[in-house]
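**Student:** turn this into a structure:
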Amino acid sequence: MLSSRYLFNFSLIAKILKANKRCKKAKFLKARKIDLAKRKERLTAVLMTIFGWILMGAFVWPLSQALAEERIQGRRSLVLENDKTRLVLDIAGGSIPEFRFNDSELNPLNWGRRNPGDQPGSMGHFLCCDRWGPPSDAEG
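**Tutor:** Next comes the predicted model:
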């Protein structure tokens, strides 16, 4: 039979283990709470950044479209221009009707029409990539 001295030690060890377990659990919960708070802060920052970009785009995009859009040969076109070059993109057809240097009136992408009243006429150039390889002899 065990003496009371050993029983006291067992109960003391059990108390220490329980206290240690509670302490570890408390530390774990505290660390998890801090981790969740950091995640929440990070998620809030990401969402606010995304919302800011969307909000800015909602106001800036229509303004930039209104300022850059012109009518070229009667068609809606997007004009991108700086101090050296000018690029015109046809909004409806997706063609590139004009690319030129500002100091020259020569536009290598426009061959013009014989009669200005002829409609519709080809306008500019389409970017064609040989995704499926070079043309065959029958196509060439």
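**Student:** what strand or helix carries residue 17?
**Tutor:** helix 4-68 (DSSP states H and E).
**Student:** helix/strand/coil for the residue lying closest to residue 99 once chain neighbours are set aside?
**Tutor:** Spatial nearest neighbour of residue 99, chain neighbours left out: residue 87 (5.1 Å); criterion: Cβ to Cβ, 6 or more residues apart in numbering. Using the backbone N, CA and C atoms, a C-beta is placed for each residue, glycine as well. Using DSSP: H, G, I helix; E, B strand; the rest coil, the secondary structure recorded for residue 87 is strand.
**Student:** residue 87 touches residue 96, doesn't it?
**Tutor:** Yes: Residue 87 lies in contact with residue 96 (Cβ atoms under 8 Å); the separation is 7.2 Å.
**Student:** toward the C-terminus, what is the element adjacent to the helix holding residue 17?
**Tutor:** strand 69-72.
**Student:** ok, and for that next one, which residues are buried?
**Tutor:** residue 72 (16 or more other Cβ atoms under 10 Å).
**Student:** now for the following helix or strand past that strand, which elements pack on it?
**Tutor:** Following strand 69-72 in sequence order, the next helix or strand is strand 75-81 (DSSP H and E). Judged by 3 or more Cβ pairs under 8 Å, 6 or more residues apart in numbering; DSSP states H and E, strand 75-81 is in contact with helix 4-68, strand 69-72, strand 85-90.
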